[in-house]
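Peer 1: here's a sequence, model it:
(2 chains)
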Number of protein chains: 2
Amino acid sequence: MTGRLTVVGLGPGALDLTTPAVSKALAEATDLVGYITYLDRVPEGPRGQRRHASDNRVELERARHALALAAEGRNVAVVSGGDPGVFAMASAVFEAVETGDAAWRALDIRIEPGVTAMLAAAAEVGAPLGGDFCAISLSDNLKSWSTIERRLKAAADGDFVIALYNAASRARPDQLGNALAFLRPFKAADTPVIFVRAAGTPEANVRIQELGTADTDGADMRTLVIIGSSLTRRIERPGAHPWIYTARSERELP
Amino acid sequence: MTGRLTVVGLGPGALDLTTPAVSKALAEATDLVGYITYLDRVPEGPRGQRRHASDNRVELERARHALALAAEGRNVAVVSGGDPGVFAMASAVFEAVETGDAAWRALDIRIEPGVTAMLAAAAEVGAPLGGDFCAISLSDNLKSWSTIERRLKAAADGDFVIALYNAASRARPDQLGNALAFLRPFKAADTPVIFVRAAGTPEANVRIQELGTADTDGADMRTLVIIGSSLTRRIERPGAHPWIYTARSERELP
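Peer 2: Next up, the predicted model:
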């Protein structure tokens, strides 16, 4: 077993948010495996790597293919957006290891972290993740809606800031609205709700609303949603959207 | 107001985990403001920037100092480890803006995201953050221990994976043990508990235990702790610590 498999996270989009460690792993790879949208973001390497593109719904097959290539001695990079360990490919790779060929456990597998979407989204509006927070995927492909509601309720009970991944898509147009409606009885109506589309790219777009009246217009697969805690605050400023941040202290501001 | 203030995150430690966007902001700054441990990680720039080092307990003063420098027209980088929006300097900067000179609201303030510690820690052991998760700081400098317990309980109720920041320090040697003891009645005894010290650096060190019997030996300020959910799994492998990952699906593995 001389092959290597590295699961890399490209970060949120802009090239200058990809870490040098990820760029190096990509340049050294002989084979790139991933969803075509992410592979298209990888610059052509000097050695003309083989690219194995797939559509977005076959994570486990893609992971097995990557492991099989590594077992043949290839140096494989599995390419995710954001961070590979957050709602991305790393978990699928280990699921494939656990359920696959026992020899795969001896492979040299590495995870190269990246800037995950909620960090880039938070940076666009200030510091809304400045207190304790949680991250919940609204996709119900792999878990039930009742699990999602259980998590939303717990997040409200704990007064966490909430980051919602996979908040909207064509296949699931109502999930985000349903999640906001579910939260309304448990949180203040003026809780900031932040929609950031294409965070960490030049096309980044920010909408700031309040939970009591928030609508989900324009939210899509590229939208990350952050819902404040009781300590999340709004700073008006001239000529731009307000800053949103979560205060570090439960005590009154000085 | 021609000055600029950029709050940057250096990432977890290794230079190749600092994004190019952060490196550029640091190279362009005329003044670097930050905790001395982080400033020492910034390579000397070509223009001999002014360095304003402070100790770790004066975030708000440090933020005000940085804003005052920017208001004088300087190009200031406020330097955090990890991501600046996660238990770091960004929130303190906005607190200083909200409570300070009204003119500071017109400053060009930017946040440059980074790889936060839990992502680097997760990458060292597999993909433990592969499901819904939360991040909780165990520091009770700015919040009460009862708030921390409320959050731990909610995290258990929601079956979140839990990442603990500021898990241990000389000033708070018992917090981590108390947090684990608090969680024991609410989670399975064989839940994986992962201690990663110096994640994302060449000295990274991993200890994997189970919640029922976990001890906190050796945990310190540089230790990030991850506690699994009911879907967190362990893959034994030859010659190294097991891989830990959280399964994406509630259904049985194929």
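
Peer 1: for stretch A:47-54, which positions count as buried?
Peer 2: For stretch A:47-54, the neighbour count (16 or more other CB atoms under 10 Å in any protein chain shown) marks A:49, A:51, A:52 as buried. Placement of C-beta: from N, CA and C, glycine included.

Peer 1: quick one: low-confidence parts of the stretch 51-200 of chain A?
Peer 2: A:56 (pLDDT under 70).

Peer 1: picking that back up, any chance of the buried residues of stretch A:47-54 in JSON lines with distance to residue A:134 as columns?
Peer 2: Shown next, in JSON lines, are the buried residues of stretch A:47-54 (distance: CB to CB, whole Å):
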{"residue": "A:49", "distance to residue A:134": "37"}
{"residue": "A:51", "distance to residue A:134": "35"}
{"residue": "A:52", "distance to residue A:134": "34"}
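
Peer 1: ok, which stretches of the stretch 101-250 of chain A are strands?
Peer 2: A:108-112, A:126-127, A:133-137, A:161-165, A:192-197, A:205-210, A:223-227, A:232-235, A:243-246 (DSSP state E, counting those that start in this stretch).

Peer 1: strand partners (parallel or antiparallel) of the last one?
Peer 2: Take DSSP bridges as the rule and strand A:243-246 pairs in its sheet with strand A:126-127 (parallel), strand A:232-235 (antiparallel).

Peer 1: hang on, the earlier thing: make JSON lines from the buried residues of stretch A:47-54 and add distance to chain B and secondary structure to it.
Peer 2: Shown next, in JSON lines, are the buried residues of stretch A:47-54 (distance: CB to the nearest CB, whole Å; DSSP: H, G, I helix; E, B strand; the rest coil):
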{"residue": "A:49", "distance to chain B": "20", "secondary structure": "coil"}
{"residue": "A:51", "distance to chain B": "23", "secondary structure": "strand"}
{"residue": "A:52", "distance to chain B": "21", "secondary structure": "strand"}
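
Peer 1: ok, back up a step: need the winner for burial among the strands paired with strand A:243-246.
Peer 2: Stretch with highest mean neighbour count among the strands paired with strand A:243-246: strand A:126-127 (a mean of 30; mean count of other CB atoms under 10 Å in any protein chain shown).

Peer 1: do stretch A:61-76 and chain B meet?
Peer 2: No. Figure legend: stretch A:61-76 not in contact with chain B (CB under 8 Å from any CB of the partner chain); closest approach 10.7 Å.

Peer 1: in that stretch, what counts as buried?
Peer 2: A:62-71, A:74-76.

Peer 1: who wins for proximity to residue A:29 among the strands of the stretch 101-250 of chain A?
Peer 2: For residue A:29, the closest of the strands of the stretch 101-250 of chain A is strand A:108-112, at 11.1 Å, according to CB to CB.

Peer 1: what's the closest one packed up against?
Peer 2: With contacts taken as 3 or more CB pairs under 8 Å, 6 or more residues apart in numbering or on different chains; DSSP states H and E, strand A:108-112 sits against strand A:4-9, helix A:20-28, helix A:89-99, helix B:117-125.

Peer 1: spatially nearest residue to residue A:178 (excluding sequence neighbours)?
Peer 2: Once flanking residues are discounted, residue A:178 sits nearest to residue A:145: 7.9 Å by CB to CB, 6 or more residues apart in numbering or on different chains.

Peer 1: and residue A:149, how many neighbours?
Peer 2: As a burial measure, residue A:149 scores 14 neighbours (other CB atoms under 10 Å in any protein chain shown).

Peer 1: name the SS class of residue A:33, please.
Peer 2: Three-state call for residue A:33 (DSSP: H, G, I helix; E, B strand; the rest coil): strand.

Peer 1: OK, contacts around it?
Peer 2: By CB atoms under 8 Å, 6 or more residues apart in numbering or on different chains, residue A:33 lies in contact with A:52, A:54, A:62, A:65, A:66, A:69, A:76, A:77, A:78, A:79.

Peer 1: what does residue A:9 give?
Peer 2: Contacts here follow CB under 8 Å, 6+ apart; on that basis residue A:9 touches A:22, A:80-85, A:88, A:112-116.

Peer 1: cool, and residue A:89?
Peer 2: Shown in contact with residue A:89 (CB under 8 Å, 6+ apart): A:7, A:34, A:59, A:62, A:63, A:78, A:79, A:80.

Peer 1: I'd guessed residue A:75 sits against residue A:4; true?
Peer 2: Yes. Applying CB atoms under 8 Å, one finds residue A:75 in contact with residue A:4, separated by 4.8 Å.

Peer 1: among the buried residues of stretch A:61-76, which lie within helices?
Peer 2: Here DSSP state H is the test, and those give A:62, A:63, A:64, A:65, A:66, A:67, A:68, A:69, A:70, A:71 as lying in helices.

Peer 1: could you check how far the residue nearest to the last one when sequence neighbours are not counted is from residue A:103?
Peer 2: When the adjacent residues along the chain are set aside, residue A:71 lies closest to residue A:3, with 5.9 Å between them (CB to CB, 6+ apart). From residue A:3 across to residue A:103, the span is 11 Å (CB to CB, to the nearest Å).
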